[in-house]
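In: give me a 3D structure for the following:
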Amino acid sequence: MKSILSRLLYVLALSPGLLFAAEVDGATLSLAWSMPFAGILLSIALFPLFASHIWHHHFGKITAFWTLLFLVPFAFAFSLHDTVAVIVHALFAEYLPFIILLFSLYTISGGILVWGNLHGSPRLNTALLAIGVLLASVMGTTGAAMLMIRPLLRANDNRKHRVHVVVFFIFLVANIGGGLTPLGDPPLFLGFLKGVSFFWTIEHMLLPVLLSSAVLLVVFYFVDCYFYAREDELLPRDPSPDSPLRLYGTVNFLLLGGVIGAVLLSGLWKPGVAFELMGTPVEWQNLVRDLLMLGLAVVSLKITPRQVRAGNDFNWAPIEEVAKLFAGIFLTIVPVLAILRAGNEGQLAGLVAMVTQTDGAPIDTMYFWMTGLLSGFLDNAPTYLVFFNLAAGDAQALMGSLPQTLLAISMGSVFMGALSYIGNAPNFMVKAIADQRGVPMPSFFGYIGWSCAILLPWFVLLTLLFF
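Out: The predicted structure is shown next:
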């Protein structure tokens, strides 16, 4: 082990290059720096498939191992000070705002209980998915997914064939439904903070979202009809018999409105006040936003009756899993994004060349597919930023002279975040809740099989329609 580590240190040390202010110079980095990130992805993919018990009890330790395998060599190749600067930048500029938003939406939506149960027929399931799609762009994919997944699971808890219901839920509610506004999905929110107009997103994403939602809802209806007709024997006793639906914890809708207001505030209010932590600027409006969201989550925990959260089987396991995994992802992804950001000067120059014509003009089709495919496996929020900066880096220029390129980046990051469990944070949350409810969710590769069979043909049609 010591020999392997020393060799890795040697390889990594061949490519030093840290621009201070926690910016890694990707032009001088070797692809060896991407090994820990690839290790996390492979662990997420393979452990649940071949060693699910070990993964369930030790996923945090496994993620920490790969994270340290990046940080320790980095400290040797550069310096302890630079390593701390990278950690601070990843935490304060990316991870904490990301996880605080998810935490607040998860906590508050977990205090809204849709109690009662309807029969999980194809018509009802399609209607529940459609409601989730409508909510996703208003309260975010995380909030909508956490609100709607439990009623959907209860409605189908006496069916044998229900995996496809959760898979389509991830496609529609946890991803595509959030494409209508910057509040819906983290990549669009990041674009909004970079200067993309709120109404530009609505105007240009409206048709792709409506078309995609309508087509996938129709496909789901026929798929569910197929499986429903083969429910030759339901479970001997329905765990939750049919009963009228009632809504509890409605005060949390006001708190969700507060979260939306805090997000909008950080994008519209620019006091110009900031302080630096190890070269990373922390702006006052972002700090206020995060504190407001944390405060609203605490208020929700205080005022929501325990019976309401108990009715949702609310616990911290899903958000804990997301928090641990994405802490490792946001740190180990630093060199990968730096290499991409280096463009033609980095080790992934061939990838950059694929999205650019010889005269320097962007190839929108490739922006859609490259942003999308990388979003499916590198997390869609940071991937959006990479290609946003690669295309122009200026929101006014993109909205003015390159609107199709911005649309390609937006559609790719939002829609193809559904390609894998790690493409968008709510995907993992939904999977974790379904696992807890006894739904035999597909493995990492099994889910990719579903997404390739259902989503990729539609994405080809979207390419022909829009690019």
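
In: from the middle of its chain, how far away would the longest helix seen in the chain be?
Out: Criterion DSSP state H: the longest helix present in the chain is helix 122-155. Offset of helix 122-155 from its chain centre (CA atoms, centre = their mean, to the nearest Å): 17 Å.

In: quick one: average pLDDT of it?
Out: The pLDDT scores in helix 122-155 average 88.

In: same question, stretch 359-373
Out: Averaged over stretch 359-373, pLDDT sits at 89.

In: mind listing what's buried in that stretch?
Out: For stretch 359-373, the neighbour count (16 or more other CB atoms under 10 Å) marks 362-364, 366-373 as buried. Where C-beta positions appear, they are placed from N, C-alpha and C, glycine not excepted.

In: residues in contact with that stretch: which ones?
Out: 351, 354-357, 383-384, 387, 391, 402, 404-405, 407-409, 411-413, 415-416, 419, 459, 462-463, 466-467 (CB atoms under 8 Å, 6 or more residues apart in numbering).

In: all strands of the stretch 101-250 of the chain, in order?
Out: In the stretch 101-250 of the chain, the segments counted as strands under DSSP state E, counting those that start in this stretch are 113-117, 243-248.

In: can I get the CA coordinates of the last one in CSV?
Out: This file holds the C-alpha atoms of strand 243-248, laid out as CSV (Å, rounded to 0.1, in the frame of the first residue of the first chain):
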residue,chain,number,x,y,z
SER,A,243,-58.8,6.3,2.5
PRO,A,244,-59.6,10.0,1.7
LEU,A,245,-56.6,12.3,1.3
ARG,A,246,-55.9,15.0,3.9
LEU,A,247,-53.2,17.6,4.1
TYR,A,248,-51.4,18.3,7.4
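
In: by contact count, what packs against the first helix or strand past that strand going along the chain?
Out: Moving toward the C-terminus from strand 243-248, the next helix or strand (DSSP states H and E) is helix 251-268. Packed against helix 251-268 by the contact rule (3 or more CB pairs under 8 Å, 6 or more residues apart in numbering; DSSP states H and E) you find helix 96-109, helix 122-155, helix 186-193, helix 284-303.

In: what about this structure, any weak spots by pLDDT?
Out: Judged by pLDDT under 70, the chain has its weakly predicted residues at 1-23, 49, 116-118, 232-243.

In: A64: which element?
Out: Using DSSP H and E, the element containing A64 is helix 52-77.

In: elements contacting that helix?
Out: Helices and strands touching helix 52-77, by 3+ CB pairs under 8 Å, 6+ apart, are helix 2-13, helix 35-50, helix 80-89, helix 317-332.

In: what is the orientation angle of the third one with helix 317-332?
Out: Put plainly, it is helix 80-89. 140 degrees (axes from the mean of the first three to the mean of the last three CA atoms, to 10 degrees).

In: give me the distance between helix 80-89 and the centre of its chain.
Out: On CA atoms, centre = their mean, the centre of helix 80-89 falls 25 Å from that of its chain.

In: pull the CA atoms of it into PDB?
Out: What follows is helix 80-89, C-alpha atoms only, in PDB (Å, rounded to 0.1, in the frame of the first residue of the first chain):
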ATOM      1  CA  LEU A  80      -0.900  22.300   3.500                       C
ATOM      2  CA  HIS A  81      -2.000  25.900   3.100                       C
ATOM      3  CA  ASP A  82      -3.100  25.400  -0.500                       C
ATOM      4  CA  THR A  83      -4.900  22.200   0.400                       C
ATOM      5  CA  VAL A  84      -6.900  24.100   3.100                       C
ATOM      6  CA  ALA A  85      -7.600  26.800   0.600                       C
ATOM      7  CA  VAL A  86      -9.100  24.300  -1.800                       C
ATOM      8  CA  ILE A  87     -11.200  22.700   1.000                       C
ATOM      9  CA  VAL A  88     -12.500  26.100   2.100                       C
ATOM     10  CA  HIS A  89     -13.300  27.100  -1.500                       C
END
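
In: one step back: mind putting the strands of the stretch 101-250 of the chain into JSON lines with distance to D157 and mean neighbour count?
Out: Converted to JSON lines, the strands of the stretch 101-250 of the chain look like this (distance: least, CB to CB, whole Å; neighbours: other CB atoms under 10 Å):
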{"stretch": "strand 113-117", "distance to D157": "8", "mean neighbour count": "20"}
{"stretch": "strand 243-248", "distance to D157": "13", "mean neighbour count": "11"}
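
In: still on that earlier bit, now find how far off-centre the helix holding A64 is within its chain.
Out: 21 Å.

In: whichever of the contacts of stretch 359-373 end up buried, select them in PyMOL.
Out: Buried residues among the contacts of stretch 359-373 (16+ other CB under 10 Å), as a PyMOL selection:
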select buried, resi 355+356+383+384+387+391+402+404+405+407+408+409+411+412+413+415+416+419+459+462+463+466+467
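
In: nearest the geometric middle of the chain, what residue?
Out: N424 (1.9 Å; CA atoms, centre = their mean).

In: how many other residues sit next to the closest residue to that one other than its chain neighbours?
Out: Spatial nearest neighbour of N424, excluding adjacent residues (CB to CB, 6 or more residues apart in numbering): G417 at 3.7 Å. Here the number of neighbours of G417 (other CB atoms under 10 Å) works out to 34.

In: a helix runs through G417, doesn't it?
Out: Yes. Assessed with DSSP: H, G, I helix; E, B strand; the rest coil, G417 lies in a helix.

In: let me know whether it touches N427 as I believe.
Out: Yes. If you go by CB atoms under 8 Å, G417 and N427 touch, sitting 7.4 Å apart.

In: need the overlap of contacts for those two.
Out: Common neighbours of G417 and N427 (CB under 8 Å, 6+ apart) are N175.

In: got phi/psi on P281?
Out: phi -70, psi 130 (degrees, to the nearest 10).
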